[in-house]
Structures are given as structure tokens and as C-alpha cells.
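[1] Okay, here's the prediction I keep looking at, along with the sequence it came from:
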Amino acid sequence: MIAYTANRKQRGFTIVELLIVIVIIGILAAITVVAYSGFQGRAHDVAIQNDLRNLAAKARTFQVDNGFLPSTNAEFSAMGLRVSKNSYSHYFNGTAEYNLVYCYRPSLQPTEFAIIAFGKNKHYKYDAGGKLSEFTIGKTGSVTACADAGVALDNGNDRYWFYDNNAWRTYL
């Protein structure tokens, strides 16, 4: 009988080699997570921008068909609106929570409206001039935000929330 144990070399990975592999996998995972969240943020931005364009187009179509801008739950419900609900965040101004606000001036200029969206990644406005752009919303509330978007409200009721009291409108 010959004893091979004294000269036999152990095969396998050392603890240092295993730790290096684990660190490399961790770095690759971190890069993937950062890249994914960047793609996801841009997807939310594009979805909100498309929502605002579609809402504005439907409001203009409603205006052409009816001679006035929509302003009631029934009128918006009849328009067949859809939004990408998962792309929106919720904005709390100290007294109310909202994320998608339609501002209008029915008594002075019935052709003027703006739409403000508070997204997960960025905020956007479709202003009274028909321009879609990124928007900075201060903690001042929707009355000031509507004015910043080009629609100075006649009173506090000249706006419509598509998200109100912690819930989306049922027709969206």
C-alpha cells in the first residue's frame, strides 16, 4: 500500500478567489440596477408626456365639437381618456394631494387651459400656449402652479383633478 495523501495537491477555489468573484458579481449587479432605473425613469417621462399630449388633443377636440372646454366629471368621462397611472407620483402641497391637474378659465377665456403632471421622475406642464415642457412645481399648490403654466384662475374652482382624494377618477 502506498500513501498518496502527503503528496496529493488539493483542488478547488481559495477564499480569496471566491471573494473576488462575489465582488465582481456585486459590481455588475449594481451597474445593472442603476441602468434599469434610468431606463424606467425615462419610460415614465415619455408616458407622462404622451398623456399630456393626448389629454390636450382630446380637450381641443371636445372644444371644437361643443364650443367650450370640458370642465366636469361627465364631460371628461365622455371623452374616453386614458393615462399611464403607474408613471405618476403624488404631490402633497400641505393640504391636498394630487398629481394630474387640468386648469381652465371658463368665465374669461374659454380657449385657455393647461395641464400639470407630477411624475415619478420629473414634472411636466402643457401650458396655455400649447407647449409641453418640464416643470418645477413649488409647494404652493395648484392655484399657483396653474398660474405658472399660463392659466391664472378666476377662482379656486377653475381646475379639475384627475387624481383626487387618493384615487384616480373611475373612468381613467
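    Looks like it came in fine.

[2] List phi and psi for the spatially most central residue of the chain.
    The centroid of the chain falls nearest to Gly119 when counting by CA atoms, centre = their mean (2.4 Å). Main-chain dihedrals, Gly119, degrees, to the nearest 10: phi -100, psi 170.

[3] Please name the nearest non-neighbouring residue to it.
    Closest residue in space to Gly119, ignoring its immediate chain neighbours: Ile48 at 4.6 Å, by CB to CB, 6 or more residues apart in numbering. Yep, even glycine has a C-beta here, placed from its N, CA and C like the rest.

[4] Which helix or strand contains the one you found?
    In the assignment (DSSP states H and E), Ile48 maps to helix 15-66.

[5] packing partners for that helix?
    strand 100-104, strand 113-118, strand 123-126, strand 132-134 (3 or more CB pairs under 8 Å, 6 or more residues apart in numbering; DSSP states H and E).

[6] re earlier: now do the residue nearest to Gly119: how many residues are near it, please.
    Ile48 sits with 25 neighbouring residues when counted by other CB atoms under 10 Å.

[7] just Asn86 next, same as before
    Asn86, neighbours per other CB under 10 Å, totals 9.

[8] Could you check how far it is from Arg42?
    14 Å (CB to CB, to the nearest Å).

[9] now swap in Arg105 and tell me
    Using CB to CB, we find Arg105 at a distance of 33 Å from Arg42.

[10] And those two? Which one has more around it.
    Higher neighbour count among Arg105 and Arg42: Arg105, with 21 against 12, using other CB under 10 Å.
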